[in-house]
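Trainee: sequence plus predicted model, see below.
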Amino acid sequence: MGLPEFPVEGGCQCGAVRYRLKASPLAVYNCHCKDCQRYSGAGWSMSMIVRDDDFELLSGEIAQYRRIAESGNVIVMNFCAHCHGWLWNDPPQPGIKVVRAGTLDDMDWAAPVGNIWAAIDPRQTNFPKGAVDRQPLFDAWTRFTHKDT
């Protein structure tokens with residue numbers, strides 16, 4: 001698996017919202033929490049943790065929903081104001097966004113290296129509950145993207 005040449009772009013289903021990733025995400029993983037299940041309509045949602053500085057909103061109007069997690073933390077959910085496609089979260093941790101990998105124009109390179117809220121593949125980095133420290137995901141992504149070098 002090779003990373004694409006950055007920047008790469010993505011957007012919502014209707015095309016009104018467009019964004020650009022200027023650099024590789026810190027990690028790509030599957031989240032199996034109830035929110036991801038409800039918003040995606042599937043058993044999980046593939047997520048990418050990206051630095052705020054590496055994310056650029058190019059066009060479109062965003063609608064936000066502020067969700068209070070079981071922990072009491074506020075998570076800002078960002079959607080296209082027109083088609084209501086879920087694009088990214090602003091978690092309480094400063095400096096990052098959690099972008100939906102399925103919103104990329106080309107997501108062939110975005111392979112998950114772990115799971116949150118589930119332990120599915122013992123060869124991957126798994127968290128049976130929420131991941132407070134996501135460094136193990138970052139380390140797994142680095143190993144995964146550099147295994148051919």
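Mentor: Sure thing, it's come through.
Trainee: now do the helices in this protein.
Mentor: Along the chain, the stretches classed as helices by DSSP state H are 34-40, 135-145.
Trainee: mind listing what's buried in the last one?
Mentor: Just to be clear, that refers to helix 135-145. For helix 135-145, a neighbour-count test (16 or more other CB atoms under 10 Å) marks Leu137, Phe138, Ala140, Trp141, Phe144, Thr145 as buried. (C-beta placed from N, C-alpha, C; glycine too.)
Trainee: which strands and helices sit next to that helix?
Mentor: strand 27-31, strand 114-116, strand 125-127 (3 or more CB pairs under 8 Å, 6 or more residues apart in numbering; DSSP states H and E).
Trainee: okay, those in a markdown table with distance to Asp105, mean pLDDT and mean neighbour count next?
Mentor: As requested, the helices and strands packed on helix 135-145 are exported to a markdown table (distance: least, CB to CB, whole Å; pLDDT from 0 to 100; neighbours: other CB atoms under 10 Å):
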| stretch | distance to Asp105 | mean pLDDT | mean neighbour count |
| --- | --- | --- | --- |
| strand 27-31 | 16 | 94 | 25 |
| strand 114-116 | 24 | 90 | 23 |
| strand 125-127 | 27 | 81 | 21 |
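Trainee: who's in contact with the helix or strand of the chain at the bottom of the mean pLDDT ranking?
Mentor: Every helix and strand of the chain was ranked by mean pLDDT, DSSP states H and E. The lowest is strand 125-127, at a mean of 81. The contact list for strand 125-127 (CB atoms under 8 Å, 6 or more residues apart in numbering) reads 29, 113-120, 136-137, 139-140.
Trainee: okay, the residues you listed in JSON lines with distance to Leu104 next?
Mentor: Compiled in JSON lines, the contacts of strand 125-127 are given as follows (distance: CB to CB, whole Å):
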{"residue": "Tyr29", "distance to Leu104": "15"}
{"residue": "Val113", "distance to Leu104": "16"}
{"residue": "Gly114", "distance to Leu104": "18"}
{"residue": "Asn115", "distance to Leu104": "19"}
{"residue": "Ile116", "distance to Leu104": "19"}
{"residue": "Trp117", "distance to Leu104": "22"}
{"residue": "Ala118", "distance to Leu104": "22"}
{"residue": "Ala119", "distance to Leu104": "26"}
{"residue": "Ile120", "distance to Leu104": "22"}
{"residue": "Pro136", "distance to Leu104": "23"}
{"residue": "Leu137", "distance to Leu104": "18"}
{"residue": "Asp139", "distance to Leu104": "23"}
{"residue": "Ala140", "distance to Leu104": "20"}
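Trainee: thanks again, I'm all set now.
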